[in-house]
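[1] Got a predicted model here, sequence first, then my questions.
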Amino acid sequence: MSGDTPVGFFTGRSSENYDLPHPKLGFPVILLVRKALLHAFDLLRAQTLNLADAKEDEVTAWIRSIIENDLRQSGSVAGFNTRFFDAVTRQGQVANFDGTRHSKSPDLCFKLRHDDREPRRVLSEFDALFVECKPVDAAHPAGGKYCDDGLIRFVRGDYSWAMQEAMMLAYVRDGRSIAEHLVPAMSGSERKTSLKTIQMPEPSLSPFACATSAAEALHVSKHRRGFPWPEAKGEATEITIYHVWPACC
């Protein structure tokens, strides 16, 4: 299925009532979610949890629990609260770009609340910041799980296919870094092709995206996408990926 997807295949809405791509979430939203994620990691490190040996699903579950049950409820991260964000979901099932696969499960999903007085021309189910989480350490090279099993899902339209932004969250151990491990892994011609890379990961110039004692600076990469949008909406435009790399130890 591609451009001939039946009208209302995803929501029952006419294709005339929504636009693709959806409007950008905006850099302030990206910075806010990153701040919430890094604060959640700070809280995890303060607990007696074995982050160094924890499995990917365990870390993701812990992070989601803190973000949803603590940070979003308390509003302790200014701007990240129940007024502006819906419940943060983990591994909620969504359809891919053409609806041929209905059980895609992004690791985390941050959905903003919007003023109902201003109808949005979007597919609500797919209008969110989708986050894919992957360990990066000696047992999980940056080029494997992170790129070939994570980042590529945004490129091929499994997740965030209606959006213009998405986020990769690394669980960093063993001294891995973006400059020394991710960039070289993405620089090979085969992976450049598979990830349709337009811009290699570069640090954001924003002072609000700088490195902390336990996390790298926010990095940004850009990628083409090689699939058509449903209901004759044209070819998918490029996507911007924000890379968040906190220490997971």
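    Structure's in. What do you need?
[2] in this protein, what spans have low per-residue confidence?
    1-14, 102-103, 117 (pLDDT under 70).
[3] now the helices: where do they sit in it?
    Remark: helices assigned in the chain by DSSP state H are 27-45, 56-66, 72-74, 152-155, 183-187, 189-194.
[4] Output those helices as a markdown table; include the columns mean neighbour count and distance to residue 105.
    The C-beta positions use only the backbone N, C-alpha and C, and glycine is treated the same way. Converted to a markdown table, the helices of the chain look like this (neighbours: other CB atoms under 10 Å; distance: least, CB to CB, whole Å):
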| stretch | mean neighbour count | distance to residue 105 |
| --- | --- | --- |
| helix 27-45 | 19 | 19 |
| helix 56-66 | 18 | 11 |
| helix 72-74 | 15 | 21 |
| helix 152-155 | 22 | 10 |
| helix 183-187 | 16 | 24 |
| helix 189-194 | 12 | 21 |
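[5] For residue 100, which of these is the nearest?
    The closest of those to residue 100 is helix 152-155. By CB to CB, the value is 14.6 Å.
[6] hmm, who's touching the closest one?
    The contact list for helix 152-155 (CB atoms under 8 Å, 6 or more residues apart in numbering) reads 104, 106, 130, 132, 159-160, 166, 194-196, 223-226, 239, 241.
[7] List just the one of the helices of the chain that sits closest to residue 112.
    Residue 112 lies closest, by CB to CB, to one member of the helices of the chain: helix 27-45, at 6.8 Å.
[8] How far does the closest one sit from its chain's centre?
    13 Å (CA atoms, centre = their mean, to the nearest Å).
[9] go on, stretch 149-166?
    Taking mean C-alpha positions (CA atoms, centre = their mean), stretch 149-166 and its chain are 8 Å apart.
[10] Can you point out the buried residues in that stretch?
    Residues of stretch 149-166 classed as buried by neighbour count (16 or more other CB atoms under 10 Å): 150-166.
[11] What is the burial count for residue 136?
    Neighbour count for residue 136, taken as other CB atoms under 10 Å: 28.
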